[in-house]
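Visitor: Here is a sequence with its predicted model. Questions after.
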Amino acid sequence: MPQPTLLTIDEDTNKLKRLQEENETLRQRLNESVKIESISDVNPGPAPQHPPIMDDFYIIAQYVYVRYVS
């Protein structure tokens, strides 16, 4: 028969504390292994150039603008 929840509070507290310590240790190891000294470490190459996005109504908007301005 399982123990009531309140009787396992010490075990749960110890487990939570152990997990928090483990998380902190792993966080420190991760920070030590990833050192960013400059932006070139993050993005070593040039950013790709894409043409501007045009939707289906782009041509219609230009046509209406030219028609009313002219």
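Guide: The structure has been received and is ready for your questions.

Visitor: From now on I want contacts and neighbour counts done on CA atoms only, so please keep to that.
Guide: OK.

Visitor: What part of this structure, helix or strand, is modelled with the least confidence?
Guide: helix 58-69 (a mean of 60; mean pLDDT, DSSP states H and E).

Visitor: average pLDDT for stretch 29-45?
Guide: For stretch 29-45, mean pLDDT rounds to 72.

Visitor: Asn31 - how many residues pack around it?
Guide: 11 (other C-alpha atoms under 10 Å).

Visitor: same check, this time on Asp12
Guide: That count, for Asp12 with other C-alpha under 10 Å as the rule, works out to 13.

Visitor: Just the pLDDT for it.
Guide: pLDDT, Asp12: 90.

Visitor: Next one: it relative to Asn23, how far apart?
Guide: Separation of Asp12 from Asn23 (C-alpha to C-alpha, to the nearest Å): 16 Å.

Visitor: Also Glu11?
Guide: Distance of Glu11 to Asn23, given as C-alpha to C-alpha: 18 Å.
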